[in-house]
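Participant: got a predicted structure plus its sequence, pasted below:
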Amino acid sequence: MKICGLTSEADAGLLIKYGADYGGVVVFYPKSKRDVTIKEAKIIVDILKKSDIKAVAVTVSPTVEQLYKIQEAGFDYIQIHGTLEKAVYEADTIPIIRAVNISDNNNADKTDDIINTVKEQVEKSQKLDKVAGILLDAGVPGSGKTFDWNSIKELEITEKKLFLAGGLNSGNVAAAVKCVQPDVVDISSGVEYEDVLIKGKDESKVKAFINAVNN
Ligand SMILES: O=C(O)c1ccccc1NCC(=O)[C@H](O)[C@H](O)COP(=O)(O)O
C-alpha cells in the first residue's frame, strides 16, 4: 500500500508505526496543499529510510533540474503525472511510477475516447524500461474522487506494478481491490482530517485503512 501526500515527520512516523510499502511526498507542485519544499521532503525521506518503506517523489511534469534535486534528496521512486519529457526520462536514474489520470465523464461517446487515451498512455508507458509501475488515478490527483473502476478492467498491465489511486478509503478499498486487483492501493485524502484546516494525516484513519487492506 502507498500513502501519499506526507507533509511532516509526524505523517512519516504513522507509516512506520502502522506499516506501508510506499510513502509519497508532493514536490515542485505549489498548487497542491500537500506540496513541501525539497528540504522538508528530505527530512521525510530520511525518516522513511529508517524503515523498508520506499520514498516516492510525487510530481507533475517535472523538469530535469527538479529531477536532479529529487534524486539528490534520496527518493527511491519518482511518480510522474502530466508530461514525461524525453530529457527527463534520459536523465532519470530511479524507477518511475507513471501516473495516468482518468477524467470523469457521463457521456458514453466521450467515455470511449477517454478509455482509448488511457489505453494508449498505458501501452506507451509499458514499453519504457525505467517505468516500474503504472498508477491509475482519478482526473484530478489528490482530490479524493474515485473513477469508474469497471472502465479499466480490460487494461492489460503486465510486467509493471499496477497502483490504484483515487478516492480510496477504509470503506471502499475492499470493493476496489476485488474489481481491479491492483498490486498496490494508493490513498491520500481518505486518511486526512474531515476539518480541512487540520494539516496532515489522521492517525485513526491511517490505522483503519491499513486494517481494511490487510484483512
Ligand atoms: O496529492 C496531491 O495533491 C497531488 C498533487 C499533484 C499530483 C499528485 C498528487 N497526489 C497523487 C497521489 O498519488 C494521490 O495519492 C492520488 O492522487 C490519490 O489521491 P486521493 O484521491 O486523495 O486519495
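Facilitator: Happy to help now that I have it.
Participant: which regions of this protein sit below the pLDDT cut-off?
Facilitator: By pLDDT under 70, the weakly predicted segments of the chain are 105-110.
Participant: near the ligand, which residues of it show up?
Facilitator: Contact residues, the chain versus the ligand (CB under 6 Å from any ligand atom): 4-5, 24, 26, 29, 32, 34, 58, 60, 81, 137-138, 141-144, 165-168, 186-190. (C-beta placed from N, C-alpha, C; glycine too.)
Participant: using PyMOL, define a selection of the buried residues within those.
Facilitator: To isolate the buried ones among these in PyMOL, judged by 16 or more other CB atoms under 10 Å, type:
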select buried, resi 4+5+24+26+29+32+34+58+60+81+137+138+141+142+165+166+167+168+186+187+188+189+190
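Participant: so which of the residues of the chain next to the ligand belong to strands?
Facilitator: Taking DSSP state E, the ones among the residues of the chain next to the ligand that sit in strands are 24, 26, 58, 60, 81, 137-138, 186-187.
Participant: farthest-separated two in these?
Facilitator: Greatest spacing in those, by CB to CB: V60 and I187 (18.7 Å).
Participant: could I get the ones in strands among the residues of the chain next to the ligand as a markdown table with distance to P95?
Facilitator: What follows is these, written out as a markdown table (distance: CB to CB, whole Å):
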| residue | distance to P95 |
| --- | --- |
| G24 | 14 |
| V26 | 18 |
| V58 | 14 |
| V60 | 18 |
| H81 | 16 |
| D137 | 18 |
| A138 | 23 |
| D186 | 15 |
| I187 | 21 |
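Participant: and the residue of the protein closest to the ligand?
Facilitator: In the chain, the residue that lies nearest the ligand is G142 (2.3 Å; CB to the nearest ligand atom).
Participant: chain neighbours aside, what residue packs nearest to that residue?
Facilitator: Distances taken as CB to CB, 6 or more residues apart in numbering place S188 nearest to G142, at 5.1 Å, with adjacent residues excluded.
Participant: so who does that neighbour touch?
Facilitator: S188 makes contact with 3-5, 24, 34, 142, 144, 165, according to CB atoms under 8 Å, 6 or more residues apart in numbering.
Participant: now do the strands in this structure.
Facilitator: 2-3, 22-26, 54-60, 77-81, 96-102, 131-138, 161-164, 184-187.
Participant: which one of those strands lies nearest to A174?
Facilitator: strand 184-187 (10.0 Å).
Participant: which residues are contacting that closest one?
Facilitator: 1-4, 21-22, 24, 133, 135, 137, 161-165, 168-169, 173, 176-177, 209, 213.
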